[in-house]
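> Mind looking at a prediction? Sequence and model below.
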Amino acid sequence: MNTMTAGVFARRGVLEIQKRPIPHINNPDEVVLEVEATGVCGTDLHILNDPPGHPATEGAILGHEIVGRIIEAGNNVTQYRVGQRVTIDPNLKCGLCRPCKRGKQNHCENWTTIGIFQDGGFAKYVVVPQKALHLVSDNVPLKDAIWIELLSCIIGSTDRISIQPGQTAAVIGAGPAGLLHALMFQAAGAKVFIGDVAPYRLNLAKQAGIETVNVKEANLKDAVMSATNNWGADVVVDAVGNQFQNALETVATGGMVSLFGMNSHAMPEVAHNLVTRKELTVFGSYVGYNVFPRAIAVLESGSIKPSQFTTHEVSVSELPKGIETAKRGEAMKVMVQP
């Protein structure tokens, strides 16, 4: 058989299931992966919105949260061998621009992304360069392993936060990014609150032992203040992208605010004086850099189990159904297997 079934970004707002030729190595530093599974990311949903919330190349096979095995390696591939289980860093950096040379590869001026701008993992096979690969232990369950790419982004945020056992963290937004932040804070021994409007998401968080607040019915700030004797949360994460003011009101004096969620249309009014008067540390976190090994190590240690949020499994042929389920807010993480 010379073809495979693939999930293709056909045109604006449209995902098509197509037959595509099985890819082959074109450069000696490439490998062919047999895909075990690929996660559906929020970025995939944004790409498929109409109007789109994220650019992508029409005709590209989507899917960038990839776990697979090397089945063929080019002549210049020296760090990996056939049979090894790997994940990929889908963002391919140039290494030559000013951000790259300054250690800020997550701000590369020339990067491209596997599964967005070139063919990705919603298929049986994918070709990727050696530099994108990271080894993954066979001991990491597949339902956990598909979270590595997103977890690497979260660790880019949590590694900058010095939360201690017994402290309090508040996360605004119980989507995949918010829940991973909550799991990381939990693992550090913090008491964690999370706020959202969706009962489905909040129920998953509650099952994970996280204190939940339905912000349609109550105020996250009030819940945190009640639990901390009106002190506030030592750390607040805005995982939505338009909750800066709520974060400033919820965080304790001397606390930290991570602005993780992105919403280019949000122009919130912010009480700047709260940052000054409360002597807050506020930072943005974008993608993360040099963090894939840390993300893999966290999952290999078993300190967090995001598999509890892998709620749906579909084949590539069933991918449109999985996408629609996620768009309706009825799935947390959809795992796609060839």
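Arrived safely.
> Quick check: end-to-end length of stretch 257-272?
Chord length of stretch 257-272, first to last residue, is 13 Å (CA to CA, to the nearest Å).
> which parts of that stretch are buried?
257-261 (16 or more other CB atoms under 10 Å). For glycine as for every other residue, the C-beta is placed from the backbone atoms N, C-alpha and C.
> Ok, stretch 209-219 next?
210-213, 215.
> Poorly predicted segments of the stretch 51-200 of the chain, please.
Of all residues in the stretch 51-200 of the chain, none has pLDDT under 70.
> In the buried residues of stretch 257-272, find the pair that's most separated.
Taking CB to CB as the measure, these span a maximum distance of 11.9 Å, between V257 and G261.
> Return every residue with contacts to both of those two.
Residues touching both V257 and G261 (CB atoms under 8 Å, 6 or more residues apart in numbering) are D238.
> sorry, back to before: between the buried residues of stretch 257-272, which is nearest T43?
Nearest to T43 out of the buried residues of stretch 257-272 is G261 (CB to CB; 12.8 Å).
> and A10, how many neighbours?
Around A10 there are 15 other residues, counting by other CB atoms under 10 Å.
> Please apply the same query to V126.
V126 has 27 neighbouring residues, counting by other CB under 10 Å.
> my guess is it meets H24, correct?
No: contact criterion CB atoms under 8 Å: V126 and H24 do not qualify, at 11.4 Å.
> so what sits against both of the two?
V32.
> burial measure for L299, as a count.
23.
> Please apply the same query to S315.
S315, neighbours per other CB under 10 Å, totals 13.
> Wait, it touches P338, no?
Yes: the pair S315 / P338 is scored as a contact, 7.2 Å apart, by CB under 8 Å.
> What ranges does the stretch 201-338 of the chain have for its helices?
220-227, 244-250, 272-277, 292-301, 319-327 (DSSP state H, counting those that start in this stretch).
> Out of the buried residues of stretch 209-219, which comes closest to G173?
Distances from G173 to the buried residues of stretch 209-219, taken by CB to CB, are shortest for V215, at 9.8 Å.
> so what's the closest residue to the closest one other than its chain neighbours up against?
Excluding the flanking residues, the one nearest V215 by CB to CB, 6 or more residues apart in numbering is G195, at 4.6 Å. For G195, the contacting residues are 170-174, 212-215, 220, 223, by CB under 8 Å, 6+ apart.
> Which one of the residues you listed is nearest to P199?
N214 (6.7 Å).
> Look up how far V171 lies from the nearest residue to that closest one once chain neighbours are set aside.
Distances taken as CB to CB, 6+ apart place L202 nearest to N214, at 5.9 Å, with adjacent residues excluded. From L202 across to V171, the span is 12 Å (CB to CB, to the nearest Å).
> of these two, who's got more company?
For L202 and V171, the more surrounded residue by other CB under 10 Å is V171, and the numbers stand at 32 against 19.
> My guess is that one contacts Q243. True?
No: contact criterion CB under 8 Å: V171 and Q243 do not qualify, at 10.1 Å.
> L15: which of the helices of the stretch 201-338 of the chain is closest?
L15 sits nearest to helix 319-327 of all the helices of the stretch 201-338 of the chain, at 5.8 Å, using CB to CB.
> That closest one - contacts with which helices or strands?
Packing contacts for helix 319-327, counted by 3 or more CB pairs under 8 Å, 6 or more residues apart in numbering; DSSP states H and E, involve strand 14-21, helix 42-47, strand 310-315, strand 333-337.
> I'd like to know which of those lies nearest to S303.
Nearest to S303, of the helices and strands packed on helix 319-327 and by CB to CB, is strand 310-315 at 17.2 Å.
> Just checking: what are the partner strands of the closest one?
strand 333-337 (parallel) (DSSP bridges).
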